[in-house]
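Peer 1: Fold the following for me, if possible:
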Amino acid sequence: MTTLTPDQLAVIEANPYKADFPLLAQNPQITFLDSAATAQRPAAVLDAERRFYETMNANPLRGLYRLSVEATQSIADAREHIARFIGAFDEAGQPQGNAIVFTRNASEALNLLARTLPQVVDLGPGDEVVISIMEHHSNLIPWQQVCAATGAKLVYLRLADDFSIPKSELANKIGPRTKLVSVTQVSNVLGVQNDVAAIAARAHEVGALCFVDGAQSVPHIKVDVRALGCDFLAFSAHKLGGPMGIGVLWGRPELLDAMPPFLVGGEMIDSVTETDAVWSSVPQKFEAGTQDAAGSFATDAALTYLETQGMEALESRERLLAVYLCEQLQSRGYITVIGPAEPDRHIGAVSFDVRNIHPHDVASILDMSNVCIRAGHHCAQPLLTYLGWHSTCRASVAFYNDKADIDRLMEGLDMVWGIFNGRN
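Peer 2: Numbering: from 1, shown residues only. I've put the predicted structure just below:
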């Protein structure tokens with residue numbers, strides 16, 4: 001049973017997208033339901049990365065010859081496109097391309113902030129860093145390390161029974177001792193969307209800075225950093241169809257200017273003497289060494305692909321898929337959905353438990369039917385411990401999925417249940 005209307009079901013039964021993704025098109029037997037971990041890549045992205053190496057392969061920033069100039073320009077173009085994509089515009093309405101810092105992934109962006117921001121805000125004993133209990137390890141461990149090194153206290157925002165962060169937590173936990181607040185916009189385990197605008201507003205009310213982990217939100221919903229009111233946002237290209245090994249950090253330009261470099265070496269310097277060095281301006285200050293120019297070029301292509309399909313249409317489709325997925329899981333008495341009971345509150349990911357069957361066994365048996373899901377703690381052990389779980393299964397959808405993918409998952413889960421309960 002489902003609450004989706006016939007017209008809505010027809011939307012997710014049709015699939016005009018799989019043909020654009022070579023791995024899915026060439027392997028129709030594969031049911032890929034692990035996009036929260038990494039997305040599949042459309043041919044346009046694969047072609048773009050190859051095209052870079054075939055047509056403009058040169059070290060960016062360093063050369064004055066045509067190939068190097070074109071490689072350098074491709075990076076600048078990608079920065080500007082990313083800024084537009086996340087709503088990072090200055091007061092004159094121009095995209096803040098120079099406020100886009102390329103990293104290896106969102107985890108590196110978080111480490112960059114954790115290593116440099118404490119110096120800007122003079123974090124020390126008696127100060128507090130606030131995160132939520134639902135954070136991915138990448139947005140938890142760096143702050144643990146910072147607090148251990150500075151003597152600051154790490155404070156957790158806890159969840160209400162409906163898996164939201166209540167306003168009372170913001171009022172009680174974000175206070176005069178808070179210097180930094182770092183939260184995910186969408187949980188990679190629960191699929192819930194946090195009210196980042198309210199969190200950022202509370203942080204600024206007490207004079208704190210607010211960072212947003214957009215790894216699970218930027219690929220699935222429209223993100224506007226101005227509307228969110230945050231000071232920093234990071235995400236990884238590979239979760240939105242771009243290449244692995246490249247991430248993005250956006251920050252308010254005045255804060256990026258005030259932050260010291262994270263890594264040092266070539267390209268991030270303006271001048272060097274035997275005893276000293278002067279750093280380049282942002283963003284080069286944070287990009288030591290040769291940059292992944294092909295990766296940024298392919299990320300640019302990934303954004304173009306998403307925009308060509310229409311982000312609103314993709315978001316609407318993914319919400320229908322998530323509702324159908326959640327409702328089908330809830331329809332099985334042997335399955336417990338971990339997260340909001342309301343299917344429409346799940347963005348992309350739905351975690352669940354199959355009664356008395358270890359998630360690793362579930363995932364391994366499903367793989368025998370070419371159904372790909374995640375099993376484990378999902379790099380969120382404190383959250384699972386807080387909720388009373390050691391490990392869970394997780395199925396996550398993207399717009400290239402369809403109703404048949406979810407139906408095959410349910411057939412596989414019925415088979416798993418039958419194997420362990422003597423019905424097959």
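
Peer 1: Domains in the chain, by residue range?
Peer 2: Domain ranges of the chain: 6-32+311-420, 48-307, per automatic domain parsing.

Peer 1: low pLDDT regions in the stretch 51-200 of the chain?
Peer 2: Within the stretch 51-200 of the chain, not a single segment meets pLDDT under 70.

Peer 1: so where do the helices sit in it?
Peer 2: All helices of the stretch 51-200 of the chain, identified by DSSP state H, counting those that start in this stretch, fall at 66-85, 106-121, 141-150, 167-173, 196-205.

Peer 1: Buried deepest among those, which one?
Peer 2: Of these, the one with the most neighbours on average (mean count of other CB atoms under 10 Å) is helix 106-121, at a mean of 22. From N, CA and C alone the C-beta is placed, and that goes for glycine too.

Peer 1: Centroid-wise, who is the farthest residue in this protein?
Peer 2: Farthest-out residue of the chain from its mean C-alpha position, per CA atoms, centre = their mean: residue 274, at 41.2 Å.

Peer 1: Could you tell me whether it really is in a strand?
Peer 2: No. With DSSP: H, G, I helix; E, B strand; the rest coil as the criterion, residue 274 is coil rather than part of a strand.

Peer 1: quick one: pLDDT of it?
Peer 2: Looking at residue 274, its pLDDT is 91.

Peer 1: do residue 419 as well
Peer 2: Residue 419 is assigned 95 on the pLDDT scale.

Peer 1: same question, residue 270
Peer 2: We note a pLDDT of 89 for residue 270 in this prediction.

Peer 1: Compile the domains of the chain into JSON lines and extend it with columns for distance to residue 38.
Peer 2: Formatted as JSON lines, the domains of the chain follow (distance: least, CB to CB, whole Å):
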{"stretch": "domain 6-32+311-420", "distance to residue 38": "10"}
{"stretch": "domain 48-307", "distance to residue 38": "5"}
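
Peer 1: Looking at those domains, spot the one closest to residue 39.
Peer 2: Comparing the domains of the chain by their distance to residue 39 (CB to CB), the top pick is domain 48-307, with 4.8 Å.

Peer 1: quick one: secondary structure of the residue most central in space within the chain?
Peer 2: Ranked by distance to the mean C-alpha position of the chain (CA atoms, centre = their mean), the top residue is residue 215 at 0.9 Å. Three-state call for residue 215 (three-state DSSP): coil.

Peer 1: For it, give me phi and psi.
Peer 2: phi -60, psi -40 (degrees, to the nearest 10).

Peer 1: can you pull the contacts of the nearest residue to it once chain neighbours are set aside?
Peer 2: In this structure, residue 215 finds its nearest non-sequential neighbour in residue 106, 4.6 Å apart by CB to CB, 6 or more residues apart in numbering. By CB atoms under 8 Å, 6 or more residues apart in numbering, the contact set of residue 106 is 138, 213-215, 234-236, 247-248.

Peer 1: rerun that using 10 Å as the cut-off
Peer 2: Going by CB atoms under 10 Å, 6 or more residues apart in numbering, residue 106 touches 136, 138-139, 213-216, 218, 233-239, 247-249.
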